[in-house]
Structures are given as structure tokens and as C-alpha cells.
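Engineer: Could you work out the structure for the sequence below:
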Amino acid sequence: MAFRPSHIPLRLTTGAFILNSGLGKTNLDEGSAGYMQAMAAKAFPQIGQLQAQQFGKALAASEIAIGSALLAPFIPSKLAGLALLAFSTGMMTMYLRTPELTQEDGIRPTQDGTSVAKDVWLVGVALSLLLDSKKK
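Structural biologist: Prediction:
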């Protein structure tokens, strides 16, 4: 078995959520893609070198791939967890490096930051999949 039965709820919920998010981004208009790119570029300046539509397509493809990996029973939890950890730490990096998303302490979210800060649960799911995938 590629994963433990206890991983099913974690993988189904996060996989379905991320896959749906990626599918929703497959036809982003230029403005929406540009907004998301600008947010991401605050954390990762190299992203600013892409065209907005190119970034939007890459983001959609990444989310579809990660969501699908989480939902696919033949993908080991450790591998799916690593992909999710890379994605979710990227989201948290963007959150922490965007001043308008956090209060003065740099941690607690502003009202605008709550929609990104809530993705910290993805880091927890990824770590749970990785830690629980160790052979005993």
C-alpha cells in the first residue's frame, strides 16, 4: 500500500481542495494572474520576470499536480507530503514577506492576510504525512 489508511482523510481533504483550486485557475484573466504574480513576487522576486499569464498557468499546473498526487493512491504519502510541504512553505513564505498581510508583529494576520495565513494547515498536513511515513 502506498499510504496508511490513517492518511486517507488528510490526503482526500487537502487533495480535493488543492485540485479544485488549481482547476479554478486554468483560465485566469490577465488581471487576476498579474495580481497573484505580484503577491508571489514579493516573496520570490524571480517570479516577477515571468509574464502574468505564464505565471498563472504554472500556478494552476502546480496545484493540479499536487492535488492529484495527494488523491492518487499509488503515490506514496512521503512523496505527496514532500510536494505539499514545498508548496505550503512557499505560501507561508509569501505570507510572512508581505507586510500588508501581517500585523506589526510580522506573524498574526491582518484581515487581508487571513486568507493566506489559514494555509498554515497545509504545512501541518504535509508534516503529518512525512512524519507518519517513516518505517517502524
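Engineer: Pull out the CA atoms of the least confident helix or strand in the chain by mean pLDDT and give them to me as PDB.
Structural biologist: Every helix and strand in the chain was compared by mean pLDDT, DSSP states H and E; the lowest is helix 114-117, with a mean of 90. The C-alpha trace of helix 114-117 is given here as PDB (Å, rounded to 0.1, in the frame of the first residue of the first chain):
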ATOM      1  CA  THR A 114      -6.200  35.800   6.900                       C
ATOM      2  CA  SER A 115      -7.000  34.100   3.600                       C
ATOM      3  CA  VAL A 116      -3.300  33.200   3.200                       C
ATOM      4  CA  ALA A 117      -2.400  32.600   6.800                       C
END
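Engineer: elements contacting that helix?
Structural biologist: Contacts defined by 3 or more Cβ pairs under 8 Å, 6 or more residues apart in numbering; DSSP states H and E place helix 114-117 against helix 77-96. From N, CA and C alone the C-beta is placed, and that goes for glycine too.
Engineer: Give the rounded mean pLDDT of the helix it packs on.
Structural biologist: Mean pLDDT, computed over helix 77-96, is 95.
Engineer: Touching it from outside, list them.
Structural biologist: 2-4, 7, 11, 14-15, 18, 39-40, 42-44, 62-63, 65-66, 69-70, 72, 101-102, 106-107, 109, 113, 116-117, 119-120, 122-123, 125-130, 132-133 (Cβ atoms under 8 Å, 6 or more residues apart in numbering).
Engineer: What segments of the chain are helices?
Structural biologist: 8-24, 30-43, 52-71, 77-96, 114-117, 120-131 (DSSP state H).
Engineer: how about the fifth one: buried residues?
Structural biologist: Taking 16 or more other Cβ atoms under 10 Å as the neighbour-count basis, helix 114-117 is seen to contain the buried residues 116-117.
Engineer: How about stretch 35-43?
Structural biologist: Those would be 36-37, 39-43, for stretch 35-43 by 16+ other Cβ under 10 Å.
Engineer: ok, the residues you listed vs Lys25, which is closest?
Structural biologist: Of all these, Met36 has the smallest distance to Lys25: 8.0 Å, by Cβ to Cβ.
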